[in-house]
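S.K.: Have a look; sequence and predicted model below, questions after that.
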There are 2 protein chains.
Amino acid sequence: MQRKQVRQEQGIKAVVVMSGGQDSALCAALAARNHGPERVAAITFRYGQRHSLETKYARFLARRFSLAMHKVVKLDFFDSITSSALLSKNAKIERAGKCPNTVVEGRNAFFLMAAAVWAKSLGADEVWTGVSQTDYSGYPDCRAAFVRAQEKAARLALDFPVKFKAPFLRKTKAQEWALADSMGLLDLIRENTLTCYNGIPGDGCGKCPACILRRKGLEEYLGGAVPSKP
Amino acid sequence: MQRKQVRQEQGIKAVVVMSGGQDSALCAALAARNHGPERVAAITFRYGQRHSLETKYARFLARRFSLAMHKVVKLDFFDSITSSALLSKNAKIERAGKCPNTVVEGRNAFFLMAAAVWAKSLGADEVWTGVSQTDYSGYPDCRAAFVRAQEKAARLALDFPVKFKAPFLRKTKAQEWALADSMGLLDLIRENTLTCYNGIPGDGCGKCPACILRRKGLEEYLGGAVPSKP
């Protein structure tokens, strides 16, 4: 009782950007383990992405991890300033040059800034993100250099010492599965997240680039081929 | 005819963030003088600000300067992640500490990033903004250090060599009026912009911090008290 009271008085320490995918689910669990779930808030963005089911999983996981708050924010301006296969119901997903056409230009800059603005309003000085530059599919805004640059810009814009925590920046998907397993969360995260570009939860369609990356990591961690789970 | 054709083939060179206020109006005129208006596009944000009349002036000026394009983009998520007197119809405008309560946290980070994303989609590598740190009322996201940091973050996020041009960063309001006058635009800008926190165009209410700053600069440039214009 005493302990809970003290924690509540300390308030929110970290805001986690939570998409409903594998990386951000594990990131939220990690932030909750670090600070206690009662000091962690999650923020999910609806930005016109194909699959609104992602938001459902984000909501489920925020509850499952007992996070103190979960906010869903609409950023629905992307399709008026850029185009992306991820913002279209019908576009074929393909790779043109070094970057796949599923990139939503600048997405993580908006996500991190909005999370930082909310964090400041809560008095929280950490923003956590699950981005990784190791298996990053060629998205430029998943690189460490970008995260550090946007952190500096946010600190200056807000005149507030916010820190961006990106614990998986240099982790592979296999290392993430290992961490999930060590936290007793492998099945939970495997079954209750959505990473598939075709909108199929869990192990997904098995054929799109996101599913292939996810499965490769899982097989690498488990040491062999694994049967698909729904 | 020949000349126009060549210019059209070169396409858009610069995107100007245009609010409908004095600084951004002059900034748009300057970009148009530099590159030719047919190579300049303007972007205006509706972010829940008190006075939608601003957008009307931005539209008028974009037409008046013969800019190639003008886009209005809704960024209406601010009131869900922060609070500001500028986002409320009734809040009293006042100064609490070093920063007035009209600050909209992180606003320029979102404006510059959205302009940069649109610029990339147009193949334009310059984003122009009228922010000034000289008479900046204490808004942290009007400082040179922030503009440079956000430029770096944008270049990394987009993997695109966009440049942020902020010609008034170190100019006073008086110097801006002098420049407007030298371009034959003093009356046009004085009469057809909205800076007043109470939503009155031109010389405004004369009492709010924005009107006082604007008038002070004008009197400094003109060398004495000036009668109010509607």
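M.R.: Sure, I can see it.

S.K.: hey, let's count contacts and neighbours off CA atoms from now on
M.R.: Noted.

S.K.: Within range of chain B, give me the residues from chain A.
M.R.: For chain A, the residues in contact with chain B (Cα under 8 Å from any Cα of the partner chain) are A:73-77, A:80-82, A:105-106, A:108-110, A:113-114, A:117-118, A:121, A:140-142, A:145-147, A:149-150, A:152-154, A:156-159.

S.K.: State the mean pLDDT of stretch A:221-230.
M.R.: The average pLDDT for stretch A:221-230 rounds to 76.

S.K.: that older thread, tell me the buried residues within the residues of chain A next to chain B.
M.R.: Neighbour-count burial (16 or more other Cα atoms under 10 Å in any protein chain shown) applied to the residues of chain A next to chain B gives A:73, A:75-76, A:81-82, A:105-106, A:108-110, A:113-114, A:117-118, A:140-142, A:145-147, A:149-150, A:152-154, A:156-159.

S.K.: Next step: the residues of chain A next to chain B restricted to helices.
M.R.: Judged by DSSP state H, the subset of those located in helices is A:80-81, A:108-110, A:113-114, A:117-118, A:121, A:145-147, A:149-150, A:152-154, A:156-158.

S.K.: Chain neighbours aside, what residue packs nearest to the most centrally placed residue in chain A?
M.R.: Chain A has A:S24 as the residue nearest its centroid, 2.9 Å off, counting by Cα atoms, centre = their mean. Nearest in space to A:S24, with sequence neighbours left out and distances taken as Cα to Cα, 6 or more residues apart in numbering or on different chains, is A:G130 at 4.6 Å.

S.K.: do you know how far that neighbour is from A:F111?
M.R.: 12 Å (Cα to Cα, to the nearest Å).

S.K.: Could you tell me which residues touch both of the two?
M.R.: Common contacts of A:G130 and A:F111 (Cα atoms under 8 Å, 6 or more residues apart in numbering or on different chains): A:V17.

S.K.: okay, those two: which has more neighbours?
M.R.: A:G130 (22 against 19; other Cα atoms under 10 Å in any protein chain shown).

S.K.: so the more buried one sits right up against A:C27, yeah?
M.R.: Yes. Applying Cα atoms under 8 Å as the test, A:G130 and A:C27 come out as touching, 5.4 Å apart.

S.K.: Kindly point out which residues are neighbours of both of the two.
M.R.: The contact lists of A:G130 and A:C27 share A:P167, where a contact means Cα under 8 Å, 6+ apart.

S.K.: hey, where'd the helices end up in chain A?
M.R.: So, for chain A - with DSSP H - the helices run A:2-10, A:22-35, A:53-64, A:78-81, A:107-122, A:144-158, A:173-182, A:186-191, A:209-222.

S.K.: which residues are in contact with the shortest one?
M.R.: Under the contact criterion Cα under 8 Å, 6+ apart, helix A:78-81 has outside partners A:47-48, A:87, A:104, B:73, B:114, B:117-118, B:121.

S.K.: Including pLDDT, could the residues you listed go into TSV?
M.R.: Below are the contacts of helix A:78-81 laid out as TSV (pLDDT from 0 to 100):
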residue	pLDDT
A:Y47	88
A:G48	82
A:L87	74
A:V104	84
B:V73	95
B:A114	97
B:V117	96
B:W118	96
B:S121	94
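
S.K.: Can I get those in CSV including distance to A:V40?
M.R.: Formatted as CSV, the contacts of helix A:78-81 follow (distance: Cα to Cα, whole Å):
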residue, distance to A:V40
A:Y47, 23
A:G48, 26
A:L87, 29
A:V104, 27
B:V73, 32
B:A114, 29
B:V117, 31
B:W118, 34
B:S121, 36
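
S.K.: Having no further points to raise, I will conclude here.
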